[in-house]
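> Coordinates for the following, if possible.
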Amino acid sequence: MTRTKLLSSNPLSLDNLFPSDEFKEVLSPLVEPETDKDRALVDEHLKVLGCYSSRSVSLAKLRVLLSSFLLQAQRLEERVQRKGGELIIGWPHDEAYWRVRSQVGYSIAITLRKALIEHGWLSHKVGAKINLYEGEGNCNGYLIADFVPDKGRSLNFQSSDMVYATSSSALKTKVVNSEIDDRTKALWELWKKSPLIFGKQKMWQAQRKFSDKTFTRGGRFYGTWTSMRQPERLKCTIEGQPVAEVDVSGMYPTLLCSITGHIPFTTRFKDPYAVEGIHRDEVKAVLGSAIGGGTANQRTPTKMIKDAGITQERLSEIRKVIIPRFKCLEALQKGVLDSEALAIHETEIMMRLVERLQQPIFILHDCLVCPQAAALDIGKELQKEYVSYCCEKGWKALAPAFSIERDGQEKRLISGHRNPYVPR
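Predicted coordinates:
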């Protein structure tokens, strides 16, 4: 069994594996019923399970957790129909996991889990091996009964008001950084006015997750839309209009080039991962492993490299080309300049853009989800924001390349530029 380690905000880290390496869905407080009718239906389910509460606060927490469970059960069912497998959801047994994410809390998670098992909605299937803090079983796998996804089919969901704005994997309890919280909550208010809608689900909240006690590493947004499959996400709407994804091409290597001043790109470039004679996926895997591990001396295949089908011999061949080309990798230092350090800059650029434009633009790591009609203009504004941020930091200013993806349409590539116009 692979390791199960919770609360990481870094998908590239070599020693900090996500629960998704073991489970494709890990229960998290994501949504609540949207209308009074939906609340009444969820309450009926809670009564059947024997855990309906007459206390309003406890009832609200139970509604959030059961709603999230039913939503994630449906997502699992769709995955099983596409790829096979079983309806197994990860259920964290670690108290800190529940404490730092939302107001739902550990005791409610235990109450609902026991009720679901007692009434045959769940059965224990997979025991975890490694706990984030104590080395014990943490995120266990539970098999969802086949009838469960139907329980939530008629429900409408919306983002939960119980989710905390920020969390850190370095902390066992909630610690509020008021400045960060206020900025995140201001974005939630903007997004709530024009939510991202998929089917019967309205989304406007995503939590910022950090990996250190001082909130200076990590800091990406994670929420319902960030965990959706791209084909589903591209079927979302904003104010009734179809969406597009504006995706920076290679944000981390581009940032690393700006920070170090070592730029391998030609004057105009569409893909930082384009290296003659080497497949793009191979370049991306090797660069991603180096940046994730904070070292240019990654000589043995990581999981990311293996997943790209790269053997030890092939890795050596690729490194002979990539290391001289990407001199920016020499500046990498684990814990100082690595993917967690770059994530802060990436997210700050994205947040500044949304704050400046005050439009319904949803942040997805190095990508923005926005109305299709505005995608090209937003991409160009993102280039300007990146340049402005580099100038503020004293880095080499680049205009990053980006792509635009729309449902059912061919991807559009927009060039970046090595020598952009620098605002005075």
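> ok, and the closest non-adjacent residue to Ala296?
When the adjacent residues along the chain are set aside, Ala296 lies closest to Leu329, with 3.8 Å between them (C-beta to C-beta, 6 or more residues apart in numbering). Bear in mind the C-beta positions are built from the backbone N, C-alpha and C, glycine included.
> So the one you found versus Ala290, what's the distance?
5 Å (C-beta to C-beta, to the nearest Å).
> what do the two both touch?
Counting by C-beta atoms under 8 Å, 6 or more residues apart in numbering, the contacts common to Leu329 and Ala290 are Ala296.
> More neighbours: which of those two?
The neighbour count for Leu329 versus Ala290, taken as other C-beta atoms under 10 Å, is higher for Ala290 (28 against 22).
> Wait, that one touches Arg299, no?
No - the pair Ala290 and Arg299 does not pass the contact test of C-beta atoms under 8 Å, sitting 10.5 Å apart.
> max-length strand in this structure?
Across the chain, the strand with the greatest residue count (assigned by DSSP state E) is strand 241-248.
> continuing past that strand, what's the next helix or strand?
Using DSSP states H and E, the helix or strand that directly follows strand 241-248 along the chain is helix 251-260.
> Please state the mean pLDDT value computed over that following helix.
In this model, helix 251-260 has a mean pLDDT of 97.
> what is the orientation angle of it with strand 241-248?
Helix 251-260 and strand 241-248 meet at an angle of 40 degrees, taking axes from the mean of the first three to the mean of the last three C-alpha atoms, to 10 degrees as the criterion.
> Mind giving me the packing neighbours of the next helix-or-strand element following helix 251-260?
Moving toward the C-terminus from helix 251-260, the next helix or strand (DSSP H and E) is strand 268-269. Contact analysis of strand 268-269 by 3 or more C-beta pairs under 8 Å, 6 or more residues apart in numbering; DSSP states H and E lists strand 416-417 as its packing neighbours.
> Are there helices or strands packed against the strand it packs on, and which ones?
Of the remaining helices and strands, those touching strand 416-417 by 3+ C-beta pairs under 8 Å, 6+ apart are strand 268-269.
> can you list contacts of the strand it packs on?
Residues lying outside strand 268-269 but in contact with it, judged by C-beta under 8 Å, 6+ apart, are Ala401, Ser415, Gly416, His417, Arg418.
> Buried subset of those, written for ChimeraX?
Those of the contacts of strand 268-269 that meet the burial criterion (16 or more other C-beta atoms under 10 Å) are gathered into one ChimeraX selection, given here:
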select :401,415,416,417,418
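> would you turn the contacts of strand 268-269 into TSV with distance to Ser123 and pLDDT?
As requested, these are exported to TSV (distance: C-beta to C-beta, whole Å; pLDDT from 0 to 100):
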residue	distance to Ser123	pLDDT
Ala401	49	97
Ser415	53	96
Gly416	51	96
His417	56	95
Arg418	57	91
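> Assess the claim that Phe362 and Cys370 are in contact.
Yes - taking C-beta under 8 Å as the definition, Phe362 is a contact partner of Cys370 at 7.2 Å.
> hey, where'd the strands end up in the stretch 151-300 of the chain?
Counting by DSSP state E, counting those that start in this stretch, residue ranges of the strands within the stretch 151-300 of the chain are 157-159, 166-168, 196-198, 201-203, 206-210, 218-223, 237-238, 241-248, 268-269.
> TSV for those strands, including mean pLDDT?
Written out in TSV, the entries for the strands of the stretch 151-300 of the chain read as follows (pLDDT from 0 to 100):
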stretch	mean pLDDT
strand 157-159	97
strand 166-168	90
strand 196-198	98
strand 201-203	97
strand 206-210	94
strand 218-223	95
strand 237-238	98
strand 241-248	98
strand 268-269	93
